[in-house]
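Asker: sequence? don't have it. structure:
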């Protein structure tokens, strides 16, 4: 007798065996970590974690988009700002931790897809599963009896069944065709798993395309007044958001000139009178400095493609043309001033800064009315978006505008701290009210301002995304793969035949679905109908129920023996 273990001192019986687990070791630990990383659960977790990690990018200003706002935030928050900067909260999408999540998600998805793709490729090359011993246990089962006078042997019946199943898209294998119990194994629906793999692979492609767009793409904004030309260079943008690996050499040196901008307003519908119906920007473009000019039309949601970029029309308004003379009588500023619309009547706010005026710098704030109407209190307001009665209303200031300190300033606001007001509704000089062709002399000999005319402007959004086309293609492929994985069923079918001693050919068939398939019964009925058409057409196929052979609603012709086709 073999002794398992000696009794330990102080015990009254044999000590229990202790299970000793083998050590994983370094290689085993790596295999375990790889399996964890490449599991679908980890991929879903990383995808959720990536979405959460992107939230700080919308909570805090981002340095690539607006560095001046980040600088101001650090100035306003001297305690928390530097810590947030160390955590890269102002550079979220190029931060180390965001990039780490992104890369881990790539690895996890690839690790999920590649083994499944290899397994699926092997499954597609393999033969259908062997014929079950008891087909009657399958969820869809039925039998057919081919009369002896039909002259259909068991082998012929299985060849016919293989041909019929193949026409229905099954991958078939004929087994023991010349034996006593031939059978056919068939399988279809491999596209379902293929669609699943295509879907996940396309997700990887979408992520790669988005990454390429974020690394090498850029976007910029430019306000363009009628008659002005925009050249695709860094200095010509009003604002610019480069990708992480952006290189200025990527900019194609094309040019765009705004010839005319027209807006069509509703003049017929009482309920929508004055609402815009159509926007058209007539452009003259040149793909390069040496290229010929081309006439193009830019509309809302109809961008102009030029130099690999898409140019979108995102805004428009009026730009009153003014001339400002300083206290020495010299022209200190002349040209159109962009105004910002605030309502449907295009009541627009504008700011004019004249840093070159002498002896004092000048500033103006006010509003522009395309069609001005006076109310009972003598206050002007806008009534129509078309320039039927344009009017410029301004207040003037003089002093140091703060533009000589090298700090970025918003061109659409005027910081009046430290400035002295010259004109205003509450001041003796009152406000400045100008119509086209009129001028106004400022108090205290500070100069004058004239309203020379009106031009329109457009706000352009320029996008370059080298991964955009790839993202679209992969997204469409992903949708196709998802549809295939959802609506294509994976099914297996078997047909077996034998010959009764009286010469009849006894056929039984069964179907099985991988997963839930509510259309399996219909597929079984369709296969039965095809088999009956092949062997029993022209005969009276109406039969009585054989209770002993009834299987899940299937009928077997009376007189047939349930066990005539013996189980293997």
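Answerer: Everything's here; your move. This structure is a prediction, so every number in the text was calculated from the model and none was measured. Numbers count the residues shown, from 1 in each chain.
Asker: Residue 234 touches residue 250, doesn't it?
Answerer: No - applying C-beta atoms under 8 Å as the test, residue 234 and residue 250 come out as separate, 10.7 Å apart. Heads up, the C-betas are built off the backbone N, CA and C, glycines and all.
Asker: more crowded one of these two?
Answerer: Ranked by neighbour count (other C-beta atoms under 10 Å), residue 234 and residue 250 place residue 250 first, with 17 against 11.
Asker: Distance of the more buried one relative to residue 212?
Answerer: Using C-beta to C-beta, to the nearest Å, one gets 13 Å for the distance from residue 250 to residue 212.
Asker: Would you map the helices across the stretch 1-150 of the chain?
Answerer: With DSSP state H, counting those that start in this stretch applied, the stretch 1-150 of the chain shows helices at 25-37, 40-53, 56-59, 67-76, 80-86, 96-125, listed in chain order.
Asker: Of those helices, give the one that comes closest to residue 337.
Answerer: Closest approach to residue 337 among the helices of the stretch 1-150 of the chain (C-beta to C-beta): helix 67-76, 21.9 Å.
Asker: starting at the chain centroid, how far to the closest one?
Answerer: Distance of helix 67-76 from its chain centroid, counting by C-alpha atoms, centre = their mean, to the nearest Å, is 31 Å.
Asker: and if you look at stretch 317-334?
Answerer: 47 Å.
Asker: same thing with stretch 289-301?
Answerer: 28 Å.
Asker: Quick one: residues in contact with it.
Answerer: Contacting residues not belonging to stretch 289-301 are listed as 253, 255, 278-287, 304, 311, 313, 458 [C-beta atoms under 8 Å, 6 or more residues apart in numbering].
Asker: next one: stretch 109-118
Answerer: Outside stretch 109-118, the residues that touch it by C-beta under 8 Å, 6+ apart are 34, 37-40, 43, 193, 196-197, 200-201, 203-204, 207.
Asker: Which entries within those meet the buried criterion?
Answerer: Judged by neighbour count, with 16 or more other C-beta atoms under 10 Å as the criterion, the buried members of the contacts of stretch 109-118 are 38, 43, 193, 196-197, 200-201, 203-204, 207.
Asker: now, which of the residues you listed sits nearest residue 148?
Answerer: When those are compared against residue 148 (criterion: C-beta to C-beta), the nearest one is residue 193, at 43.2 Å.
Asker: Do you know the pLDDT at the residue nearest to the closest one when sequence neighbours are not counted?
Answerer: When the adjacent residues along the chain are set aside, residue 193 lies closest to residue 120, with 5.2 Å between them (C-beta to C-beta, 6 or more residues apart in numbering). Among the per-residue scores, residue 120 holds a pLDDT of 83.
Asker: and if you look at residue 244?
Answerer: 78.
Asker: my guess is it contacts residue 94, does it?
Answerer: Yes - between residue 244 and residue 94 there is a contact at 4.7 Å, judged by C-beta under 8 Å.
Asker: what do these two both touch?
Answerer: Taking C-beta under 8 Å, 6+ apart as the contact criterion, the residues that touch both residue 244 and residue 94 are residue 64.
Asker: Contacts made by stretch 89-101 with the rest, please.
Answerer: For stretch 89-101, the external contacting residues (C-beta under 8 Å, 6+ apart) are 46, 49-50, 53-54, 56-57, 60-64, 70, 73, 84, 88, 214, 244.
Asker: Centre of the chain to it, how far?
Answerer: Relative to the mean C-alpha coordinate of its chain, stretch 89-101 is positioned 20 Å out (C-alpha atoms, centre = their mean).
Asker: Flag every buried residue along that stretch.
Answerer: Buried residues in stretch 89-101, counted by 16+ other C-beta under 10 Å: 89-95, 98, 101.
Asker: same thing with stretch 66-73?
Answerer: By neighbour count with 16+ other C-beta under 10 Å, stretch 66-73 contains the buried residues 66, 70-71, 73.
Asker: how about the helices in the stretch 351-500 of the chain?
Answerer: Shown for the stretch 351-500 of the chain, the helices assigned by DSSP H, counting those that start in this stretch span residues 468-487.
Asker: Could you list the low-pLDDT ranges of the stretch 51-200 of the chain?
Answerer: 65 (pLDDT under 70).
Asker: mind redoing it with 80?
Answerer: Within the stretch 51-200 of the chain, the stretches with pLDDT under 80 are 64-68, 94.
Asker: again, but for the stretch 251-400 of the chain
Answerer: Going by pLDDT under 80, which is the cut-off in play, the stretch 251-400 of the chain has low-confidence ranges at 376-378.
Asker: Can you show me the strands along it?
Answerer: In order along the chain, the stretch 251-400 of the chain carries the following strands (DSSP state E, counting those that start in this stretch): 255-265, 276-286, 294-298, 304-306, 309-325, 331-336, 340-341, 348-354, 362-369, 372-374, 380-382, 391-399.
Asker: Can you lay out these as TSV showing mean neighbour count and distance to residue 524?
Answerer: As requested, these are exported to TSV (neighbours: other C-beta atoms under 10 Å; distance: least, C-beta to C-beta, whole Å):
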stretch	mean neighbour count	distance to residue 524
strand 255-265	16	63
strand 276-286	17	59
strand 294-298	13	60
strand 304-306	16	54
strand 309-325	20	53
strand 331-336	16	77
strand 340-341	17	67
strand 348-354	20	72
strand 362-369	24	76
strand 372-374	16	79
strand 380-382	18	74
strand 391-399	22	81
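Asker: just so I know, which of these lies nearest residue 477?
Answerer: With C-beta to C-beta as the measure, strand 309-325 is the member of the strands of the stretch 251-400 of the chain nearest residue 477 (22.5 Å).
Asker: Tell me the strands beside that closest one, with direction?
Answerer: Applying DSSP bridges, strand 309-325 is found paired with strand 304-306 (antiparallel), strand 331-336 (antiparallel), strand 448-464 (antiparallel).
Asker: Number of residues surrounding the residue lying closest to residue 326 once chain neighbours are set aside?
Answerer: In space, not counting the residues next to it along the chain, residue 326 is nearest to residue 357; the distance is 3.8 Å by C-beta to C-beta, 6+ apart. Burial of residue 357 is recorded as 24 neighbouring residues (other C-beta under 10 Å).
Asker: Of the buried ones among the contacts of stretch 109-118, which is the nearest to residue 499?
Answerer: The nearest one, if we look at the buried ones among the contacts of stretch 109-118 relative to residue 499 and count by C-beta to C-beta, is residue 193, at 38.1 Å.
Asker: Just to be sure, the closest one is in a helix?
Answerer: Yes - using DSSP: H, G, I helix; E, B strand; the rest coil, the secondary structure at residue 193 is a helix.
Asker: can I assume it is in contact with residue 488?
Answerer: No - look at residue 193 against residue 488 with C-beta under 8 Å: they stay out of range, at 9.2 Å.
Asker: which residues touch residue 179?
Answerer: Each residue near residue 179 by C-beta under 8 Å, 6+ apart is listed here: residue 155.
Asker: returning to that earlier point: could you dump the strands paired with strand 309-325 to TSV with distance to residue 317?
Answerer: Formatted as TSV, the strands paired with strand 309-325 follow (distance: least, C-beta to C-beta, whole Å):
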stretch	distance to residue 317
strand 304-306	20
strand 331-336	11
strand 448-464	6
